[in-house]
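1. pasting a predicted model and its sequence here:
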Amino acid sequence: MSGGLGPLPWGYVRRFGRVVFRQQQWKSTVSTHPKMPPCDFVPEKYKSYPYERIQKIREQNISPSLRMYYKKPLLLHQGHMQWLFDYEGRRYLDLFAGIVTVSVGHCHPKVTVATQKQLARLWHTTNIYMHPSIHEYAEKLASLFPDPLKVIYLTNSGSEANDLAMFMARLHTHNFDIISFRGSYHGGSPYTLGLTSIGPYKHGVANGFGCSTGVNGAVQYPRSFLKEAYQLVQERGGVCISDEVQTGFGRTGSHFWGFQTHDVVPDIVTLAKGIGNGFPMAAVVTTKEIANSLAQNLHFNTFGGSPLACVVGAAVLDAIEEDGLQKNSRDVGTYMLLELAKLRDKFEIVGDVRGKGLMIGVEMVTDKHSRHPLPAEEINQIWEDCKDMGVLLGRGGLYNQTFRIKPPMCITKKDVDFAVEVFHTALQRHMERAAK
């Protein structure tokens, strides 16, 4: 057997693509709980509704389509950088960053102070007037893009940004068809759902076009693939849209934008999530020529580019630069990939460890030979074990078989050591259960 669990003195047999142990039970080396790195932040005491009342309100007054993680959903109370605290004061290492949204850290002090100052000055005025924040931020954001990507339209969410990008592309080219990747997710609006082919997001309502990579578990493109694909599209009069909602703002480590890794310049770029560190804002960045196509008629956004949003966005850019978070994503992300790769070599059910920077996928399989997805109930138990030991992971993939690791970019190597030890412990516990 290549990779896998290594030599086992008590022997094993393979049955139905699974590893089954015999002669002797799996010998546990599992510690009760790996020790968390220290954190000097003390959360406030929780003073809101009891857990049971929160749960009842959720059942009665919150849309059932908004599903929650874990058998007993977490009731979170406060956050500090890479840490989250629940209503009972338990601390969790957040390796999913509010679905890849908290870029510089929960309640980052620099972003918090900038937001508080602007809250006392001016929350909102629409773009029928000028205010300094949007102009200062637009100039700062545009400086991070290569020519000719210098025109910015600010919106409220990634779905809205991708909607607008598709609309711009169609106005500019007078073509309708759009190609996207299998396993992609580009938003939850009716327009963007046409780009998505992940079953749980489909509602049986026609929404046109598309075959529909971040949600598929940090799958990287083959070398030169994207460059050749761009060339084929642009030669035929099409435009190329790069969805940087998850890959942008230095998360991949080597570059500030994911498309730069592939030596291409898209025609339109969409941004969200990490752009505001959790504040609801997003953007479309494009060329003057394409932007002018939208200017043929009025297109207006009430809240996009508000004074508050622009101050938050500028503070996030400052924090990324001043805290060295792109470099941290590269250094800590590479370290984490190498540490997780050791678990891939040790455990037969870890089929793949992949990614770049702090955008990592760990694919779970029944065995490395068949590469069938590990059954949901087994993945769920590993996932629950990690949570119980203080580590929060995301899930993705066509069969929900891939753990998504995309933490705030302020995470440290000590945090990684803790997270990998927790994951290792959860995998060992799984093997113990499988051996019984």
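-> All right, it came through fine.
2. report the secondary structure state of Phe423.
-> Taken by DSSP: H, G, I helix; E, B strand; the rest coil, the conformation at Phe423 corresponds to helix.
3. ugh, wrong one, I meant Glu88
-> Under three-state DSSP, Glu88 comes out as coil.
4. and the gap between it and Asp94?
-> As judged by CB to CB, to the nearest Å, Glu88 and Asp94 stand 17 Å apart. Heads up, the C-betas are built off the backbone N, CA and C, glycines and all.
5. what's the answer for Gly304, then?
-> Distance, Gly304 to Asp94, using CB to CB: 27 Å.
6. before we move on, the earlier item: neighbour-wise, which of Glu88 and Asp94 wins?
-> Asp94 (24 against 9; other CB atoms under 10 Å).
7. so that one makes contact with Pro407?
-> Yes: if you go by CB atoms under 8 Å, Asp94 and Pro407 touch, sitting 6.2 Å apart.
8. which residues do those two both contact?
-> Jointly contacting Asp94 and Pro407 under the rule CB atoms under 8 Å, 6 or more residues apart in numbering are Gln82.
9. what sits against Gly79?
-> 85, 94, 102, 106-107.
10. also Gly214?
-> 100, 184-185, 245-247, 359, 396.
11. with Gly238 instead?
-> Contact partners of Gly238, counting by CB under 8 Å, 6+ apart, are 169, 173, 175.
12. quick check on these: which are buried?
-> If you count burial by 16 or more other CB atoms under 10 Å, the buried members of those come out as 169, 173.
13. Ile379: which of the contacts of Gly238 is nearest?
-> Nearest to Ile379 among the contacts of Gly238, counting by CB to CB, is Ala169 at 37.2 Å.
14. on the three-state scheme, the nearest residue to that closest one once chain neighbours are set aside is what?
-> Of all residues not flanking Ala169 in the chain, Val239 sits nearest, at 4.9 Å (CB to CB, 6 or more residues apart in numbering). Under three-state DSSP, Val239 falls in the coil class.
15. likewise Val420?
-> Three-state call for Val420 (three-state DSSP): helix.
16. and Cys39, how many neighbours does it have?
-> Neighbours of Cys39 under the rule other CB under 10 Å: 15.
17. from Gly105, how far out is it?
-> The spacing between Cys39 and Gly105, counted by CB to CB, is 12 Å.
18. overlap in contacts of these two?
-> Going by CB under 8 Å, 6+ apart, residues that sit against Cys39 and also against Gly105 are His80.
19. circling back to that earlier point, most neighbours out of the contacts of Gly79, which is it?
-> Result: Val102 is most packed of those (other CB under 10 Å), 27 neighbours.
20. that one touches Ile275, doesn't it?
-> No: at 11.4 Å, Val102 does not count as touching Ile275 under the criterion of CB under 8 Å.
21. any weak-confidence spans in the stretch 101-250 of the chain?
-> Filtered on pLDDT under 70, the stretch 101-250 of the chain yields the residue ranges 197-213, 215-217.
22. show me the helices in the chain, by range?
-> Counting by DSSP state H, one finds helices in the chain at the ranges 51-61, 97-100, 109-119, 132-142, 158-173, 225-235, 288-294, 307-322, 325-346, 376-388, 413-435.
23. select, out of those, the one closest to Leu74.
-> Checking the helices of the chain against Leu74 by CB to CB gives helix 376-388 as the closest, at 7.7 Å.
24. helices or strands up against that closest one?
-> strand 359-364, helix 413-435 (3 or more CB pairs under 8 Å, 6 or more residues apart in numbering; DSSP states H and E).
25. I figured Leu119 hits Ser306, correct?
-> No: counting by CB under 8 Å, Leu119 stays clear of Ser306, with 11.5 Å between them.
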